[in-house]
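In: sharing a model prediction with you, sequence too.
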Amino acid sequence: MRALIALDWSEQAFAAVREVSYLYDLQEVILVHGIDLGMFQYPIVAEVSNMQGYDDFRTAMEKAGQQLLDHTSTMLPSDGLSITRVCEFAKPASLVLDKARETHADLIVIGARGRGRVGEFVLGSVSHRVALHGDCTTLIVKEREGPVKRVTVAIEGHEDGARIKAWLLNHPFKNPVDLTIVSVVRQIPSTDPFSLFPLQDWTGIAVRSAEDLVKNVAASVMNHRYTVGTQVTVGDPTDILTERAKSADLLIIGSHGRKGLERFLLGSISHALLHHVPCPVLIVR
């Protein structure tokens, strides 16, 4: 696996490094640290503002970035692993996304500091920008990291079910795990316009369809690495999956790729879960 790891000096970033080492046998790692100098990124601004010691400041920041990459390299397996180091003056999220595309990374790994929804919308967040705009699967680590034994896999429909199944088969975990494949059926409220249509036992039909889906995915991935169970529940997906994630070591979800204003206005289950669950989240694309 080729994994790109986004780095800063936060404990969450180091937790993300440890977590991906627990999860996968890595063949290639790209360590990426973006140094954001804000408005002082451009020499002309420093000249206009008469900022003394600007060159020394840039040199010190670059040296600190290289020290971060040195430290992180010691946390990774020493045998059979190719490590590429990237330390550049750039907006961190943009640098991570650009390098992931350039290197054709299989996985982006990033720590998240748990900034809330309002803060994310107003101030921005590197981890959430990467989660929103990334083209490849992304592992986000917040509060909990450690050996992974219990994994909850959330499936909304056939599209993300096929995507998640392909990921599990093509990128198996380093150690055997217990998978629980979960699908949550939303119940149509009596006030919903769709409830006026003559649909007989809508919830029952949806539950049976979801049961067929999770059983098919379970049968496809069951092997010596995976012990697989299934569960279909009726209710609010965010609430139910958040509760399940409290006892899981990892939550795997799909992404429908909503962007920008559409994502903010309409919301998405995957985006909401990033703000609620304490365990690492793997967003499969």
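Out: Okay, I see it. Numbers count the residues shown, from 1 in each chain.
In: contacts for stretch 223-233?
Out: Surrounding stretch 223-233, the residues in contact under the criterion Cβ atoms under 8 Å, 6 or more residues apart in numbering are 168, 172-173, 175-185, 207, 210-211, 214-215, 218, 221-222, 240. Where you see a C-beta, it was placed from the backbone N, CA and C, and this is true even at glycine.
In: so of those, which ones are in helices?
Out: Among those, the members falling in helices (DSSP state H) are 168, 207, 210-211, 214-215, 218, 221, 240.
In: quick one: buried ones out of the contacts of stretch 223-233?
Out: Among the contacts of stretch 223-233, those scoring as buried are 168, 172-173, 177, 179-185, 207, 210, 214, 218, 221, 240 (criterion: 16 or more other Cβ atoms under 10 Å).
In: could you list the domains of the protein?
Out: In the assignment given by automatic domain parsing, the structural domains of the chain cover 2-141, 150-284.
In: what segments of the stretch 151-285 of the chain are helices?
Out: For the stretch 151-285 of the chain, applying DSSP state H, counting those that start in this stretch gives helices covering 158-170, 202-221, 237-245, 260-266, 269-276.
In: and these: which comes nearest residue 68?
Out: Closest to residue 68 of the helices of the stretch 151-285 of the chain, according to Cβ to Cβ: helix 269-276, at 24.5 Å.
In: pLDDT on that closest one, on average?
Out: Here helix 269-276 scores 76 as its mean pLDDT.
In: before we move on, back to that, worst average pLDDT in the helices of the stretch 151-285 of the chain?
Out: helix 260-266 (a mean of 40).
In: check the spacing between residue 35 and residue 109 real quick.
Out: Here residue 35 is placed at a distance of 19 Å from residue 109 (Cβ to Cβ, to the nearest Å).
In: which one of those two has more residues nearby?
Out: Counted by other Cβ atoms under 10 Å, residue 35 and residue 109 do not tie: residue 109 has more neighbours, with 32 against 19.
In: which positions in stretch 272-285 come out as buried?
Out: In stretch 272-285, counting by 16+ other Cβ under 10 Å, buried: 272-275, 277, 279-284.
In: going by residue numbers, what spans are helices in the stretch 1-150 of the chain?
Out: For the stretch 1-150 of the chain, applying DSSP H, counting those that start in this stretch gives helices covering 11-23, 43-48, 54-73, 92-103, 117-123, 126-133.
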